[in-house]
Every structure is written in C-alpha cells, then in structure tokens.
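# Dropping a prediction and its sequence here:
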Amino acid sequence: MPQMGTKMKKQPLVGVHTESAWIRFILTGTALLFVVFFLIIPLITVFTEALKNGLEVYFASVTEPDAQSAIRLTLLTAAIVVPLNFIFGIAAAWCITKFQFPGKTWLITLIDLPFSVSPVIAGLSFVLLFGAQGLLAPVLDSLGLKIIFAVPGIILATLFVTFPFVARELIPVMQAKGSEQEEAALSLGASGWKTFLFVTLPNVKWGILYGVILCNARAMGEFGAVSVVSGHIRGMTNTIPLHVEILYNEYQFTAAFAVASLLAMLAIVTLIVKGVLEWKGVVDGKG
C-alpha cells in the first residue's frame, strides 16, 4: 500500500496556453491582417471594378461571344479533367495504402511532381513533345491529330497540374482508416468489388469530395501551363483566365474584372463547400 503522504507526480495540462497574451495578440492580428490585405480586399476590388459601370455592362461583358466561348472551354476542360483525376486518385491511393510493390516510393514522388514543377515548364514540355516541331510531330501529322494550340493540349496541361489533388487527399485518409474493415468484409465472404464499393468508398467519401473540389477549382483557374499550349486563339482556345488577361492587356478593365469575378465566385463557393465538408467530416467522425 502506498503511503498516504506520498506526493503525486503532476501531469502536464493539455491545451493550456503557455504564450503570453501579447504574443497571442500579435500572432492573431498578423493572421487577420494577412487575410484582410491578401484575400478580402482583392476580392472586394474585383467585384467593385466589375460592377462599377452597372449590371448592364457587367452582364454584357460576361455574355459576349468570346467570354461565352472561354466559359464553355473552361467548363469542358474541368468536366474531362476532374473525372479522370477522380479515377486516378482513387486507384493511386488504393495501391499506395493497401499494397507493397516495387516502385511504390517512385509513384509517390511522381504524384507530387506537379507541385514542384512550374506550370510554365510543364506546358513547354508538352510543346516540345506534341508541337509542330516536337518529338511526336510526325506521328501526330500522320494521324491528323493536333494537340498544341487546340483543346487536347489544354486538357493535357490541365490534367498534369491537377492530378495530385485527389490522390494527395485520399492517401492520408486511407492510411488513417487502415485495412481492418476491408479484411473483415472479405473474411465474411464479400467480393473485392463489393468491399471496395460498400466499405472503402464510404469511409473516404469526404476525402474524395474534398480532393475533387480542389481539383475542380485548380482546373478552372489554371493559367501558366494552359497559356503555353493554348496559342491564345480568341474564341477557340482561350479559357477564362486567358480571356481575362487579353481583356486587361487591351485596357478593357471593366470587362476583365467582370469575367474575373466569375473565378472569384468560384473561389468563394469552393471555400464554403470545403468548410462544410471539413465540418461534416468531423461531425460524422470521418475527417
């Protein structure tokens, strides 16, 4: 029996702030100032300039033929790129988290490659590969295919810069969930396909949605790689960011800000949905 007078060892208190009040004030104030000056004020400026000449001019700017063509191309690119990234992200995350195989480290490194390579360099590499003087030019000419300065090049460039998003969101989620539930389902007689559909996917659904949202936002807002491969053909290969650049360079500032406001609204919606998904994932215990 321990003696009554024995002193209990004090345990450190978890969650107790050790920083002084003025340090917390400085850090919080710095973060708020950063958000105000680099996020809120630019957004307010975009919408203010877009609506400066009234709603009639605003709607005329976003509905004129070149703007509509840019919007359609941007939506088409996202509609192709996002599902492909969805399939690749699930397959890559599944392989990396569930299996051991030669080259696994290389696969993880390659997934992170677009984060470390400039989009302009990525676009240039596509030009050197698929351009008129590129390595594959004779093959493409014989098949009658045009990649660079056409829609396929824009899709390829966008696909390159966006393919890490879904995979990178799913890998840590799948690692945290482990394989116990899949193994239990298989031991009870479920097929591999049923296990994947009814056990694996429901467990990582919030990670999938989060990755898809980020992928879609990047696909619609990509500028660097698309600028290199598009050729800036007005009404044909200009996406929304490229159309904004052309309008701004032509001193059509109101029209440029009006079209840019579409991307700004996309960013706001993305942040809202992202926050809802994060909250929903935490509430459901799946975050």
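That came through, no problem. Numbering: from 1, shown residues only.
# For the rest of this, base every contact and every neighbour count on C-alpha atoms.
Noted.
# Relative to F37, how far out is E183?
50 Å (Cα to Cα, to the nearest Å).
# Please save the CA atoms from stretch 143-163 in PDB.
C-alpha atoms of stretch 143-163 as PDB (Å, rounded to 0.1, in the frame of the first residue of the first chain):
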ATOM      1  CA  LEU A 143      -2.900  10.600 -87.800                       C
ATOM      2  CA  GLY A 144      -4.200  14.000 -88.500                       C
ATOM      3  CA  LEU A 145      -4.200  15.000 -84.800                       C
ATOM      4  CA  LYS A 146      -3.500  18.500 -83.400                       C
ATOM      5  CA  ILE A 147      -2.600  18.700 -79.700                       C
ATOM      6  CA  ILE A 148      -0.900  22.000 -79.200                       C
ATOM      7  CA  PHE A 149      -2.900  25.200 -79.800                       C
ATOM      8  CA  ALA A 150      -6.000  23.100 -79.600                       C
ATOM      9  CA  VAL A 151      -8.400  21.800 -77.000                       C
ATOM     10  CA  PRO A 152      -6.500  18.500 -76.400                       C
ATOM     11  CA  GLY A 153      -3.400  20.400 -75.400                       C
ATOM     12  CA  ILE A 154      -5.300  22.500 -72.900                       C
ATOM     13  CA  ILE A 155      -6.800  19.300 -71.400                       C
ATOM     14  CA  LEU A 156      -3.400  17.600 -71.100                       C
ATOM     15  CA  ALA A 157      -1.800  20.600 -69.500                       C
ATOM     16  CA  THR A 158      -4.600  21.000 -67.000                       C
ATOM     17  CA  LEU A 159      -4.600  17.300 -66.300                       C
ATOM     18  CA  PHE A 160      -0.900  17.400 -65.400                       C
ATOM     19  CA  VAL A 161      -1.200  20.300 -63.000                       C
ATOM     20  CA  THR A 162      -4.200  18.800 -61.200                       C
ATOM     21  CA  PHE A 163      -3.700  15.100 -60.900                       C
END
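# Show me which positions of it end up buried.
Applying a neighbour-count criterion of 16 or more other Cα atoms under 10 Å, one finds 146-163 buried in stretch 143-163.
# Just the residues you listed: which are in helices?
Members of the buried residues of stretch 143-163 lying in helices (criterion: DSSP state H): 151-162.
# Spell out which residues sit in contact with F130, please.
F130 is in contact with 136-137, 140, 147-148, counting by Cα atoms under 8 Å, 6 or more residues apart in numbering.
# which one of those is nearest F47?
Of all these, I148 has the smallest distance to F47: 33.8 Å, by Cα to Cα.
# so what's the closest one up against?
Per Cα under 8 Å, 6+ apart, neighbours of I148: 126-127, 130-132, 154, 229-231.
# backbone phi and psi for it, please?
For I148, the backbone dihedrals are phi -80, psi 140 (criterion: degrees, to the nearest 10).
# about what we covered before: where is pLDDT lowest across the contacts of I148?
pLDDT across those is lowest for A132, at 85.
# Look up how far I41 lies from that one.
Separation of A132 from I41 (Cα to Cα): 44 Å.
# More neighbours: which of the two?
A132 (17 against 11; other Cα atoms under 10 Å).
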